[in-house]
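J.: Coordinates for the following, if possible.
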Amino acid sequence: MNTNKAPLSYLDPDFVLSKEARPLRIMSEYLDPERKLKQNNVQHTVVFFGSARTKPDPSDPLAHAYKTAEELAFKLAQWSSTETDSNRKIFICTGGGPGAMEAANKGAARAGEKTIGLNIALPFEQDPNPYISPELNMEFHYFYMRKLWFLYHAKAIIVFPGGFGTMDELFETLTLMQTKKIDKPFLPVLLYNRKFWESLINFDTMKENGLISPEDTDLFSYFDTTDEAMDILKPAISELINNYSAKNFF
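T.: Next up is the predicted model:
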């Protein structure tokens with residue numbers, strides 16, 4: 001008599017990695033991050049987007065972006081550290097990789113606060129940086145599940161210069177806000193380095209050709225210094241937290 005049991009389906013790698021089990025893999029990238037965030041009482045985040053290729057090396061033309069991301073994350077985390085109500089704390093959240101993402105995680109860690117890294121499995125560039133809190137270091141296969149967790153708890157979005165990935169994250173955020181799929185009034189979206197962004201994207205041309213509405217450019221602001229950003233972020237984040245509700249989500 002054959003006593004060899006077949007593996008349980010959810011423990012069978014051949015099944016779990018199969019086409020048929022794709023819904024389970026997608027669901028796992030919703031449920032596992034939710035579990036980890038709840039365990040750490042993460043309800044409010046400030047999300048930093050930006051290039052994985054940005055370096056603090058003075059030879060890098062965008063070295064100032066790395067330094068500014070680190071300093072802004074430090075100031076935000078330090079500000080949050082004075083909050084006595086744990087339900088009002090904010091967490092710095094990034095895509096978990098090098099460059100501008102590393103800088104933001106580094107700034108939050110330097111302030112002595114936990115910080116989130118939502119990594120993505122890619123063939124190059126994307127390895128977790130060393131400044132992510134281990135309990136908040138997560139790995140994703142599906143970009144769309146990763147994006148959901150970027151925005152789900154977000155109380156502000158900070159965008160540093162970047163390439164295709166950063167553009168994708170920025171425009172998906174703006175589209176969700178424009179179409180009110182994110183019901184968070186006055187969610188601040190800040191773009192660092194006005195000169196860079198205005199040379200890269202001509203939003204006025206989009207307005208003049210009727211491709212976006214005039215008020216759509218009110219969905220974001222520019223900043224060039226950390227003090228300028230903090231002046232915008234502190235009241236806006238406080239207001240969003242004061243009005244926190246599950247209904248503010250997607």
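
J.: and the residue most central in space within the chain, what are its bridge partners?
T.: Against the mean C-alpha coordinate of the chain, by C-alpha atoms, centre = their mean, the closest residue is V47 at 3.6 Å. Going by DSSP bridges, V47 is paired in beta bridges with C93, I157.

J.: Tell me who's in contact with it.
T.: V47 makes contacts with C93, T94, F150, L151, A154, A156, I157, I158, as judged by C-beta atoms under 8 Å, 6 or more residues apart in numbering. Bear in mind the C-beta positions are built from the backbone N, C-alpha and C, glycine included.

J.: Between those residues, which sits nearest D14?
T.: The closest of those to D14 turns out to be F150 (C-beta to C-beta; 31.8 Å).

J.: I'd like to know how far that closest one sits from L118.
T.: 6 Å (C-beta to C-beta, to the nearest Å).

J.: what about the helices in this structure?
T.: Assigned by DSSP state H, the chain shows helices spanning 13-16, 22-39, 63-81, 100-110, 143-152, 164-178, 194-200, 203-208, 226-242.

J.: name the helices or strands packed onto the third one?
T.: Here helix 63-81 touches strand 45-49, strand 91-94, helix 100-110, strand 189-192, helix 226-242, going by 3 or more C-beta pairs under 8 Å, 6 or more residues apart in numbering; DSSP states H and E.

J.: average pLDDT for that helix?
T.: Per-residue pLDDT values across helix 63-81 average out to 97.

J.: List the buried residues for it?
T.: Neighbour counts over helix 63-81 (16 or more other C-beta atoms under 10 Å) mark 64-66, 68-77, 79-80 as buried.

J.: Ok, the last one next?
T.: Buried residues in helix 226-242, counting neighbours by 16+ other C-beta under 10 Å, are found at T226, A229, L233, A236, I237, L240, I241.

J.: which sections of this protein are below the confidence cut-off?
T.: Applying pLDDT under 70 to the chain flags the ranges 1-3, 125-126, 245-250.

J.: tell me the phi and psi of the residue nearest to T54 when sequence neighbours are not counted?
T.: Take T54 and drop its neighbours on the chain: the residue closest to it by C-beta to C-beta, 6 or more residues apart in numbering is G99, 4.1 Å away. Main-chain dihedrals, G99, degrees, to the nearest 10: phi 70, psi -140.

J.: Pretty sure G99 sits against E70.
T.: No - counting by C-beta atoms under 8 Å, G99 stays clear of E70, with 11.2 Å between them.

J.: Please convert the helices and strands packed on helix 63-81 to JSON lines, extending it with distance to P7.
T.: Output for the helices and strands packed on helix 63-81, formatted as JSON lines (distance: least, C-beta to C-beta, whole Å):
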{"stretch": "strand 45-49", "distance to P7": "38"}
{"stretch": "strand 91-94", "distance to P7": "36"}
{"stretch": "helix 100-110", "distance to P7": "38"}
{"stretch": "strand 189-192", "distance to P7": "47"}
{"stretch": "helix 226-242", "distance to P7": "46"}
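
J.: To D183, which of the ones you listed lies closest?
T.: That would be helix 226-242 among the helices and strands packed on helix 63-81, by C-beta to C-beta, at 11.4 Å.

J.: Show me the contact partners of the closest one.
T.: Residues outside helix 226-242 that contact it (C-beta under 8 Å, 6+ apart) are 44, 46, 68, 71-72, 75-76, 79, 88, 90, 155-156, 158, 184, 186-188, 190, 192, 221, 223, 248.

J.: change it to 6 Å
T.: Under the contact criterion C-beta atoms under 6 Å, 6 or more residues apart in numbering, helix 226-242 has outside partners H44, E71, L72, K75, R88, K155, A156, P188, L190, F223.
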